[in-house]
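Participant: 3D, please:
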Amino acid sequence: MFYGDPGWTAPDTLTLPDLWIDSDSAIAVAEAAGGATYRQTNDSVFVQAELTRWWYGPDPSKSVWKFIYYSTTAPDEEYLVDAVNGNLVSIGDDFQSGLVAHRLRLFPSYPNPFNPATQIRYHIPRASKVEIAVYNMLGQKISVLVNRKQTAGEHEVVWKPQGLASGPYLIRLQSGNQQAVRKVVYMK
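Facilitator: Numbers count the residues shown, from 1 in each chain. The predicted structure is shown next:
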């Protein structure tokens, strides 16, 4: 039960500070960076947009337009556009600083949740020994999918669990002194 009248209605439009770019200009940047290709190559695409802070980036005080492209047929893609100068500052969690090629990256597995298999894509910055292992939620290693030297660049492996219970598992990518972890959910 509410006491009194909240009396607040969401505005139809908000005024942006001077010199900031609007959502139409920002999404044009995201579309040019790959959003248009995502929409053309996937089914049932939905785009979520929001003006927010770059909380997880190198400068949390920076305001950005955040565009997330969702599809029923592909992993999500995220584009961040600087709200002041209109520059693309991030695609997913890759910061546009020239360091992207030097980072280990474990992409979201697809599909997730999954049955009977999930595709695991990853990027290694330099040729090195790579291990991709699967752990249960108790931290026990239950499977090793890759354990060999690989060339720099993008690779993928498919995991088809057998004899395992439904539930969450952790995929751990280790290359040199870098590692990345993602959670996947196996559903029988």
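Participant: what's the lengthiest helix in the chain packed up against?
Facilitator: For the chain, the longest helix by residue count, based on DSSP state H, is helix 23-30. Applying 3 or more CB pairs under 8 Å, 6 or more residues apart in numbering; DSSP states H and E, we find helix 23-30 packed against strand 46-53, strand 63-70, strand 77-82. Bear in mind the C-beta positions are built from the backbone N, C-alpha and C, glycine included.
Participant: For it, list the C-alpha coordinates in CSV.
Facilitator: Provided in CSV are the C-alpha atoms of helix 23-30 (Å, rounded to 0.1, in the frame of the first residue of the first chain):
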residue,chain,number,x,y,z
SER,A,23,22.3,8.5,-29.1
ASP,A,24,21.8,8.6,-32.9
SER,A,25,25.4,9.8,-33.4
ALA,A,26,26.8,7.3,-30.9
ILE,A,27,25.0,4.2,-32.4
ALA,A,28,26.3,5.2,-35.9
VAL,A,29,29.8,4.7,-34.4
ALA,A,30,28.8,1.3,-32.9
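Participant: Show residues contacting that helix.
Facilitator: Helix 23-30 is contacted from outside by 35, 47, 49, 51, 65, 67, 79, 81, 83, 86, 87, 88, using CB atoms under 8 Å, 6 or more residues apart in numbering.
Participant: sorry, back to before: which one of the helices and strands packed on helix 23-30 lies closest to residue 158?
Facilitator: When the helices and strands packed on helix 23-30 are compared by CB to CB, strand 77-82 sits nearest residue 158, at 21.0 Å.
Participant: For the closest one, which residues meet the burial criterion?
Facilitator: 77, 78, 79, 80, 81, 82 (16 or more other CB atoms under 10 Å).
Participant: nearest residue to residue 106 other than its sequence neighbours?
Facilitator: Using CB to CB, 6 or more residues apart in numbering and skipping residues adjacent in sequence, the residue nearest residue 106 is residue 180, 3.8 Å away.
Participant: Contacts only, for that neighbour.
Facilitator: Residues near residue 180 by CB under 8 Å, 6+ apart: 104, 105, 106, 122, 172, 173.
Participant: so what's the last one up against?
Facilitator: This points to residue 173. Taking CB under 8 Å, 6+ apart as the definition, contacts of residue 173 comprise 104, 106, 122, 130, 131, 132, 179, 180, 181.
Participant: what pLDDT does residue 57 get?
Facilitator: Model confidence at residue 57, given as pLDDT, is 68.
Participant: do residue 143 as well
Facilitator: For residue 143, the predicted pLDDT is 95.
Participant: isn't residue 126 right up against residue 149?
Facilitator: No: under the criterion of CB atoms under 8 Å, residue 126 is not in contact with residue 149, lying 10.9 Å apart.
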